[in-house]
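# this one's structure only:
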């Protein structure tokens, strides 16, 4: 597209030269058109050399070298341009009287050639500066993305062993008193670990929801009827992209800190809805209050940090007491895979 625009610009310049020459000389435009195409064709061809020269002679280099090289190039450009209209006569053997015909327009052609050189050189440096700026922006964006990915990988690396440790602790609690359930828990743990290890940076929320249901079924093998779960899910949330393990750590916190130590167990209420362009996730329990270590522990703090890295101020985590127990509310942008591609 860039070179096509370059050719079109010189064609338009040739047409302008043709009309201006016809107007000043009283000749028909068709008579001056060949000269217009010749003059601007020569200037455009030399402009390619100017473009290459601007790659070799940087504006941030040595000033004397910059001025000398461009000064010499300007003189050559102007002289070649100023004499270009006489070339057809010289090449066809009609050299006699060429200087006489050229002399009246030579000063104007030299000035025009110098002006064209400055325009081409200036535009060349402007285009190169724009490309360098764009490349710099892309490099900064890529560096920022790599940093975010490294940070997310570090958070995932911290979260995965935490999940595995707690899961194995749950299995260990079953081994002594109910080996059959322990075997079932190990089978479910294999399915859970596949999701933990294979999920990418973002997944359709339906996969995270399935994982949470599998995790609750896994915990129910240990807690039995002591774990009671209520859920309300907006069907529109299924296609929305969300980070993996964004809801499960909060559910795990609610299980462990809200009801696992209570002989009578307790209730966990899960809510999923799409509201105002956001995916809103809530996890409430009817336990004694805020989970131990909230704010510095792995669960809530890791979720908060991952949302900050992925979404900045567009996502939030709110924690606090409910009428009975403790609750966490997550808000993140509601964007599907198709919307991500379109963006």
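It's in. Being a predicted model, the structure only gives us computed values, none of them experimental.
# so the residue nearest to the spatial centre of the chain is in which element?
For the chain, the residue nearest the mean C-alpha position is residue 141 (6.7 Å; Cα atoms, centre = their mean). Element membership for residue 141, per DSSP states H and E: helix 106-175.
# For that helix, the averaged confidence score.
Averaging pLDDT along helix 106-175 yields 73.
# One more: stretch 74-91?
For stretch 74-91, mean pLDDT rounds to 82.
# now stretch 31-38
The average pLDDT within stretch 31-38 is 86.
# Next, the buried residues of that stretch.
In terms of neighbour count (16 or more other Cβ atoms under 10 Å), stretch 31-38 has its buried residues at 32-33, 35-38. From N, CA and C alone the C-beta is placed, and that goes for glycine too.
# Tell me the one of these nearest residue 269?
Proximity of the buried residues of stretch 31-38 to residue 269 (Cβ to Cβ) peaks at residue 37, which lies at 79.2 Å.
# which non-adjacent residue is nearest the closest one?
Spatially, and ignoring its direct neighbours in sequence, residue 37 is nearest to residue 14 (4.9 Å; Cβ to Cβ, 6 or more residues apart in numbering).
# Touching, that neighbour and residue 39? I think so.
Yes - counting by Cβ atoms under 8 Å, residue 14 touches residue 39, with 7.3 Å between them.
# The two - which one has more neighbours?
Higher neighbour count among residue 14 and residue 39: residue 39, with 24 against 21, using other Cβ atoms under 10 Å.
# Could you measure from the more buried one over to residue 109?
8 Å (Cβ to Cβ, to the nearest Å).
# Give me the distance between residue 45 and residue 244.
Computed as Cβ to Cβ, the residue 45 to residue 244 distance reads 58 Å.
# er, residue 131 actually
Remark: distance between residue 131 and residue 244 (Cβ to Cβ) = 38 Å.
# repeat for residue 115
Computed as Cβ to Cβ, the residue 115 to residue 244 distance reads 62 Å.
# the more surrounded of the two?
Between residue 115 and residue 244, counted using other Cβ under 10 Å, the more crowded position is residue 244 (21 against 13).
# would that one count as being in a strand?
No - counting by DSSP: H, G, I helix; E, B strand; the rest coil, residue 244 falls outside a strand, being coil.
# doesn't residue 203 make contact with it?
Yes - in this structure residue 244 lies within contact range of residue 203 using Cβ under 8 Å: 5.1 Å.
# contacting residues around the nearest residue to residue 336 once chain neighbours are set aside?
Counting by Cβ to Cβ, 6+ apart, residue 336 lies nearest to residue 239, which is 4.6 Å off, once chain neighbours are set aside. Residue 239 is in contact with 204-206, 336-337, counting by Cβ atoms under 8 Å, 6 or more residues apart in numbering.
# Can I get the buried part of those residues as one PyMOL selection?
Those of these that count as buried under 16+ other Cβ under 10 Å are selected in PyMOL with:
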select buried, resi 204+205
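# From the contacts of residue 239, which land in strands?
Judged by DSSP state E, strands contain the following of these: residue 204.
# Let me have the contacts of residue 239 in JSON lines, extended by pLDDT.
Formatted as JSON lines, these follow (pLDDT from 0 to 100):
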{"residue": "204", "pLDDT": "91"}
{"residue": "205", "pLDDT": "93"}
{"residue": "206", "pLDDT": "92"}
{"residue": "336", "pLDDT": "81"}
{"residue": "337", "pLDDT": "70"}
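# so which of the contacts of residue 239 comes closest to residue 8?
For the contacts of residue 239, the residue nearest residue 8 by Cβ to Cβ is residue 337; the value is 39.8 Å.
# Isn't the closest one up against residue 241?
Yes - taking contacts as Cβ under 8 Å, residue 337 lies within contact range of residue 241: 5.9 Å.
# Now do the shared contacts for the two.
Residues within reach of residue 337 and of residue 241 at once, by Cβ under 8 Å, 6+ apart, are residue 204.
# thinking again about what came up before, return the residues in contact with the residue nearest to the centre of the chain.
Going by Cβ under 8 Å, 6+ apart, residue 141 touches no other residue.
# Make sure residue 67 is indeed in a strand.
No - secondary structure of residue 67 (three-state DSSP): helix, not part of a strand.
# Would you check how far apart it and residue 59 are?
With distances taken as Cβ to Cβ, residue 67 is found 11 Å from residue 59.
# Assign a three-state SS to residue 59, would you?
With three-state DSSP as the criterion, residue 59 reads coil.
# Find the nearest non-adjacent residue to it, please.
residue 125 (5.9 Å).
# what residues are up against residue 133?
Listed by Cβ under 8 Å, 6+ apart, residue 133 has no contact partners.
# Quickly note the distance from residue 237 to residue 271.
Separation of residue 237 from residue 271 (Cβ to Cβ) stands at 10 Å.
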